[in-house]
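K.L.:
Quick one: sequence plus predicted model below, questions after.
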Amino acid sequence: MTKATNVEIYTILGCPYCQKAKALLDQLKIPYEERDLTTHPDRRAFTSKILPGHTSVPLILIHQKPIGGFSELKELHAKGQLESMVFGEES
């Protein structure tokens, strides 16, 4: 049985910020589950429903909580908070 990932990332094909977000997660050895919205009929409404006002990709969730896109992911890492959020060192 494989362990469930704590990170989900909604992406579309050819999105440079999606690629950057996945590259950062890969570099940090943080496993994630990618959800491809390339063919979704209304991905802007879909992402906005998950995180109100967020109508673009990537959309990243940690423990099913939406954190935003690549900028927010990068900021969490810069502040040293990303790994503790992902690996559950919060109480």
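P.N.:
In hand now; what should we look at? Numbers count the residues shown, from 1 in each chain.

K.L.:
For the nearest residue to His63 once chain neighbours are set aside, which residues are in contact?
P.N.:
Nearest residue to His63 in three dimensions, chain neighbours excluded: Asn6, at 5.5 Å (Cβ to Cβ, 6 or more residues apart in numbering). Quick note: C-beta positions are derived from backbone N, CA and C, even for glycine. Listed by Cβ atoms under 8 Å, 6 or more residues apart in numbering, the contact partners of Asn6 are 31, 62-63, 86-88.

K.L.:
Switch those over to CSV; also include pLDDT and distance to Phe46.
P.N.:
As requested, those are exported to CSV (pLDDT from 0 to 100; distance: Cβ to Cβ, whole Å):
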residue, pLDDT, distance to Phe46
Pro31, 94, 23
Ile62, 95, 19
His63, 93, 20
Val86, 91, 23
Phe87, 86, 28
Gly88, 72, 27
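
K.L.:
among the residues you listed, which are in helices?
P.N.:
Secondary structure from DSSP state H places Val86 of the contacts of Asn6 in helices.

K.L.:
how about the contacts of Asn6 in a markdown table, adding distance to Lys49?
P.N.:
What follows is the contacts of Asn6, written out as a markdown table (distance: Cβ to Cβ, whole Å):
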| residue | distance to Lys49 |
| --- | --- |
| Pro31 | 25 |
| Ile62 | 18 |
| His63 | 18 |
| Val86 | 23 |
| Phe87 | 28 |
| Gly88 | 26 |
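
K.L.:
which of the contacts of Asn6 are buried?
P.N.:
Buried residues within these, counting neighbours by 16 or more other Cβ atoms under 10 Å: 62, 86.

K.L.:
Quick check: end-to-end length of stretch 30-43?
P.N.:
25 Å (Cα to Cα, to the nearest Å).

K.L.:
any idea which element the residue nearest the centre of the chain lies in?
P.N.:
Nearest residue to the geometric centre of the chain (Cα atoms, centre = their mean): Ile60, 2.0 Å. Per DSSP states H and E: Ile60 is located in strand 59-62.

K.L.:
repeat for His77
P.N.:
If you go by DSSP H and E, His77 is part of helix 70-78.
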